[in-house]
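**Student:** Sequence unavailable; structure follows:
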Ligand code: FAD
Ligand code: NAD
């Protein structure tokens, strides 16, 4: 018997499961189809983010940060640690437990909200039909008024270093090393390269990051990127910019070792590694999802074409998350999922694409939102800039965690905040204060006039806002106004 729904969501990552739950809250009958299976052949919800992305990477970043802190900073607090070791299998099983708690949580949320979770691979066979094939080959057809595609993304493979899941791995493999690789090569100095490179560097791997571009972290404010490069190099990440990987060779013998061949300004180079992580970006997943005749359009980079409201060229079919344009971030996908659900319920919800916060969860974290100095200069917008170093923050000094700075840029004519960039402890959470302020079109003065608790890291945000108008108290101001 064909089941009938108001909405069928394809994919249960942060874009899909949030869309499904919000649709159900609004009174629609909803199914969410998911094909993901774990290595143990268990069907799970949560997509990339929960299973092999945001959550497991943060679990490993948190464990290894504690380890690095105990090794490098406890001494400064007078805490003596005589013998320290890391038990990689325990670290991995803790990560697994966190992931499984959260993926089980989605199952529970589906049950509470009466979302039908359907296990299997979905294909859109008509504007109102989705065919689901389960892992035993059984097929069922779902009839639906609306379809939300949330099929996400997958790692990009490059021919000079094809993934073999053993020596050359993608981000998923890098979350599962059974032991600490002595020499780790990372291709790509983007978010994944820096986060997962940090995880293994903290445990003792010699990490070399080969980045094709000459510029480090192009989307980030130049001052912040320069500060980050300095800090990462001190932490032992050897980041080689302008390095084009050309090929690889495996050594013969019992212990498999790989040599990457690459070229840089000086010419041809070679470097031997025990493991290599390829982290050169991700691409949308649309293969086999629908036939061209359906009318859904795909743009040249493989993303499903949608308008500002995530509607495809077929009016009752929507697409959200990594499979559509914009940054590949969990929160961006979730907000799109909510928008589509609410617009189906005749609300006027929009996503503010100008205010998508970005974070790199290294230590210190790097976080930014809105425009940076370089972007404002390029657009010819006159601005004020206020910055405050954590080295002048009482709370950061008390914690012995005072690297980095907060920067706030505001429009010269109106003082309206146009962007914020932070490198420092808890940058992600500190940034959120400015994201909220910007949603309310706040000025730097609004932040300056707000009382902040003392001593707190967020005082650095307060002082940066004051500095934008030459009023900072705990540092010298370039200009007084
Ligand atoms: P996905 O999470 O990829 O989910 C798509 C789902 O659709 C999958 O479960 C897939 O199995 C399913 N699917 C696909 N095709 C079909 C089909 N035909 N039938 C049924 N099901 C199908 N983002 C952040 O914001 N913060 C972070 O800290 C962060 N860390 C990351 C760390 C790593 C290592 C990686 C790889 C990514 C990270 N990301 C992070 C990015 C984040 O994971 C993605 O932006 C997010 O998962 C995208 O959500 P989505 O719902 O669009 O797609
Ligand atoms: P990325 O786009 O962040 O970085 C890829 C890097 O690889 C770039 O610097 C690029 O210049 C470089 N590169 C590309 N081809 C190369 C080549 N052949 N040789 C050497 N370098 C090359 O991509 P990513 O790090 O793979 O992450 C993928 C996506 O996942 C990102 O869009 C990101 O938003 C998301 N993600 C987010 C987080 C987070 O929010 N904290 C964490 C992990 C992943």
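**Tutor:** It's in. Remember, predicted model here, so these are calculated numbers, not experimental data. Ligands and ions are numbered 1, 2, ... in the order given.

**Student:** Going by C-alpha atoms from here, please, whenever you check contacts or count neighbours.
**Tutor:** Noted.

**Student:** so what's the nearest residue to residue 37 once chain neighbours are set aside up against?
**Tutor:** Excluding the flanking residues, the one nearest residue 37 by Cα to Cα, 6 or more residues apart in numbering is residue 43, at 4.5 Å. Applying Cα atoms under 8 Å, 6 or more residues apart in numbering to residue 43 gives the contacts 35-37, 119.

**Student:** pLDDT value on residue 43, please?
**Tutor:** Residue 43 is assigned 96 on the pLDDT scale.

**Student:** Now do the strand ranked longest in the chain: which elements does it pack against?
**Tutor:** Secondary structure of the chain per DSSP state E: the longest strand is strand 139-149. Applying 3 or more Cα pairs under 8 Å, 6 or more residues apart in numbering; DSSP states H and E, one finds that strand 139-149 makes contact with strand 3-10, strand 129-133, strand 317-319.

**Student:** buried sites along the longest one?
**Tutor:** Within strand 3-10, the residues that qualify as buried are 4-10, counting by 16 or more other Cα atoms under 10 Å.

**Student:** Looking at those residues, which one is closest to ligand 2?
**Tutor:** Nearest to ligand 2 among those, counting by Cα to the nearest ligand atom, is residue 10 at 20.0 Å.

**Student:** and the protein, which residues reach ligand 2?
**Tutor:** 187-193, 210-213, 244-245, 279-282, 327-329, 358-361 (Cα under 6 Å from any ligand atom).

**Student:** now, which of those lie close to ligand 1?
**Tutor:** Checking the residues of the chain next to ligand 2 against ligand 1 (Cα under 6 Å from any ligand atom), the matches are 192, 328-329.

**Student:** Skipping its backbone neighbours, what lies nearest residue 371 in space?
**Tutor:** residue 419 (4.7 Å).

**Student:** Please, which helix or strand holds that neighbour?
**Tutor:** strand 417-424 (DSSP states H and E).

**Student:** Parallel or antiparallel, list what pairs with that strand.
**Tutor:** If you go by DSSP bridges, strand 417-424 pairs up with strand 365-370 (antiparallel), strand 405-411 (antiparallel).

**Student:** what's the longest one in contact with?
**Tutor:** Put plainly, it is strand 405-411. Strand 405-411 has contacts (Cα under 8 Å, 6+ apart) with 224, 371-373, 381-390, 416-424, 443-444, 460-461, 464-465, 468.

**Student:** Ok, stretch 353-373 next?
**Tutor:** 58, 61, 65, 191, 194-195, 198, 220-221, 228, 332, 403-404, 409, 418-428, 431-432, 435, 438-439.

**Student:** same deal with stretch 78-98?
**Tutor:** Contact with stretch 78-98 is made by 55-56, 59-60, 63, 67, 70-71, 74-75, 176, 178-180, 203, as judged by Cα under 8 Å, 6+ apart.

**Student:** what's the answer for stretch 143-156, then?
**Tutor:** Stretch 143-156 has contacts (Cα under 8 Å, 6+ apart) with 2-13, 15-16, 47-48, 128-130, 170-171, 279-286, 316-323.

**Student:** Buried ones in it, by neighbour count?
**Tutor:** Buried positions in stretch 143-156, judged by neighbour count with 16+ other Cα under 10 Å: 143-144, 146-155.
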